[in-house]
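Asker: sequence-free structure coming up:
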Ligand code: CP3
């Protein structure tokens, strides 16, 4: 098996820099569109054969060094008892958003194995299919990011309901975070037990917090989940979007790998994170719309900066956009492999 990704997570020597793309299975791939033409998104997530199929599509097509389970961060929120749907225009919708104590009290801490058997089944199929190929990454949403969806009822601009709960009823907010963290930790434990060889926490909305609020309302939960999951012995990746102002805290989470978005120079991020963690990132997803030779130049620049870290996994600074030309994503992966070979 190609273990460059797992080695880089641990900071071990690798013959070239491994690469994968956040949201690498998705709408920019015609093969994905073909599957989605037949089933809705949630059915796709809950049908192991199909979820496994779309997970594998980018592995073969892009020649990436890791696969990531096809699912969604909101699946365990549904298992906590909220009603989840996806709208083509508005994205995810959680009806009856959590705004008060009775809302928080009603939330379940699910038995993650019983509540999401399709995830276990998908991982088992994938481990078989990937046996001689690449490792499988499992994932979950980070507690704060999940809390925003649960409190807002979907995507948001200013996160006013979330911040109102944080500021006006911090005790209630903390009790919600506690329940989410327990669920996320159990859920990732279930994924690891089923066969996930690394796990990533997606903290898409961490960057909307001030550093002080991050420290109080998110950091303790990340630290707790990481400490708990470390016992499982697989690399833990923590990706916080718009992380620049938070790196001083992020450094202390205990995660093995820190995912870095594109808004900060990777060398600067590494300086702030120090020598004890590996980094993942951080090409601007829009750079995949540059002419091919310019993509190569940007890749080289990031590879050079990544050399300063304990380990470097190449990735985009956030998810690949649905409009991305597939051949440019392939060009990027080829450039990473070619320019990093020593
Ligand atoms: O990386 C992968 O290839 C694995 C699959 C994956 C999806 N969602 C599939 C998906 C992963 C890791 C996620 C995580 C996720 N989901 C996040 C965090 C990652 C990030 O990008 O910050 C968030 C915030 C969500 C919630 C979510 N799911 C939103 C806001 C949306 C709608 C936005 C959009 O792009 O339409 C989704 C839907 C979703 N999740 C799609 C996919 C492929 C598109 C659904 C479709 O096929 O129509």
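Answerer: In hand now; what should we look at? Keep in mind that what you see is a predicted model, and the values were worked out from it rather than measured.
Asker: Run through the bridge partners of the most centrally placed residue in the chain.
Answerer: The centroid of the chain falls nearest to residue 202 when counting by CA atoms, centre = their mean (3.6 Å). With DSSP bridges as the criterion, residue 202 is bridged to residue 141, residue 239.
Asker: and it, what pLDDT?
Answerer: Note on residue 202: pLDDT of 98.
Asker: Distance check, it against residue 117.
Answerer: Distance of residue 202 to residue 117, given as CB to CB, to the nearest Å: 22 Å. Using the backbone N, CA and C atoms, a C-beta is placed for each residue, glycine as well.
Asker: do residue 23 as well
Answerer: Distance of residue 23 to residue 117, given as CB to CB: 24 Å.
Asker: Look at those two and report which has more neighbours.
Answerer: Neighbour totals were compared for residue 23 and residue 117, and residue 23 leads with 18 against 14 (other CB atoms under 10 Å).
Asker: how many neighbours does the residue nearest to the more buried one when sequence neighbours are not counted have?
Answerer: Take residue 23 and drop its neighbours on the chain: the residue closest to it by CB to CB, 6 or more residues apart in numbering is residue 319, 3.3 Å away. Using other CB under 10 Å, residue 319 has 17 neighbouring residues.
Asker: cool, and the one 4 residues further on?
Answerer: Burial measure for residue 323: 11 neighbouring residues, criterion other CB under 10 Å.
Asker: swap in residue 210?
Answerer: Look at residue 210: counted by other CB under 10 Å, it has 11 neighbours.
Asker: how far away is the nearest residue to it once chain neighbours are set aside from residue 159?
Answerer: Among residues not flanking residue 210 along the chain, residue 245 sits closest, at 7.9 Å (CB to CB, 6+ apart). Distance, residue 245 to residue 159, by CB to CB: 16 Å.
Asker: Name the residue in those two with the higher neighbour count.
Answerer: Legend: neighbour count by other CB under 10 Å for residue 245 and residue 159, higher for residue 159 (18 against 15).
Asker: for that one, phi and psi?
Answerer: phi 60, psi 40 (degrees, to the nearest 10).
Asker: Was I right to think it contacts residue 207?
Answerer: No. Taking contacts as CB atoms under 8 Å, residue 159 lies outside contact range of residue 207: 10.9 Å.
Asker: Just list the residues touching residue 246, thanks.
Answerer: Residues near residue 246 by CB atoms under 8 Å, 6 or more residues apart in numbering: 206-207, 209, 211, 214, 240.
Asker: mind redoing it with 6 Å?
Answerer: 211, 214 (CB atoms under 6 Å, 6 or more residues apart in numbering).
Asker: Kindly tell me how buried the residue of the stretch 101-250 of the chain found nearest the ligand is, as a neighbour count.
Answerer: With CB to the nearest ligand atom as the measure, residue 204 is the residue of the stretch 101-250 of the chain nearest to the ligand, at 3.3 Å. Residues within reach of residue 204, counting by other CB under 10 Å, total 22.
Asker: Touching the helix or strand containing residue 167 from outside, list them.
Answerer: For residue 167, the element it lies in under DSSP states H and E is helix 160-168. The contact list for helix 160-168, computed with CB under 6 Å, 6+ apart, reads 148, 151-152, 173, 217.
Asker: Narrow those residues to those in strands?
Answerer: Cross-referencing the contacts of helix 160-168 against strands under DSSP state E gives no overlap.
Asker: Most widely separated two among these?
Answerer: Of all pairs drawn from the contacts of helix 160-168, the one with the longest distance (CB to CB) is 152 and 217, at 15.3 Å.
Asker: So those two - more neighbours on which side?
Answerer: Comparing residue 152 with residue 217 by other CB under 10 Å, the one with more neighbours is residue 217, at 23 against 20.
Asker: Now do the contacts for residue 4.
Answerer: Neighbouring residues of residue 4 by CB under 6 Å, 6+ apart: 14, 18, 65.
Asker: longest helix of the protein?
Answerer: In the chain, taking DSSP state H as the definition, the longest helix is helix 170-194.
Asker: Show me what that one is packed against.
Answerer: Here helix 170-194 touches helix 101-106, helix 112-115, strand 136-141, helix 143-152, helix 219-230, going by 3 or more CB pairs under 6 Å, 6 or more residues apart in numbering; DSSP states H and E.
Asker: Now the second one: buried residues?
Answerer: Residues of helix 112-115 classed as buried: 112, 115 (neighbour count, 16 or more other CB atoms under 10 Å).
Asker: any idea which helix or strand comes after that helix?
Answerer: Sequence-wise, the next helix or strand downstream of helix 112-115 (DSSP H and E) is helix 117-129.
Asker: what residues does that following helix touch?
Answerer: Applying CB under 6 Å, 6+ apart, the contact partners of helix 117-129 are 46, 48, 51-52, 55, 136, 194-196.
Asker: Count the residues that sit near the residue in the stretch 51-200 of the chain that the ligand sits nearest to.
Answerer: Distances between the stretch 51-200 of the chain and the ligand by CB to the nearest ligand atom are smallest at residue 91, namely 3.5 Å. Using other CB under 10 Å, residue 91 is surrounded by 11 other residues.
Asker: Surely it and residue 156 touch.
Answerer: No. Using CB atoms under 6 Å, residue 91 is not in contact with residue 156; the gap is 10.4 Å.
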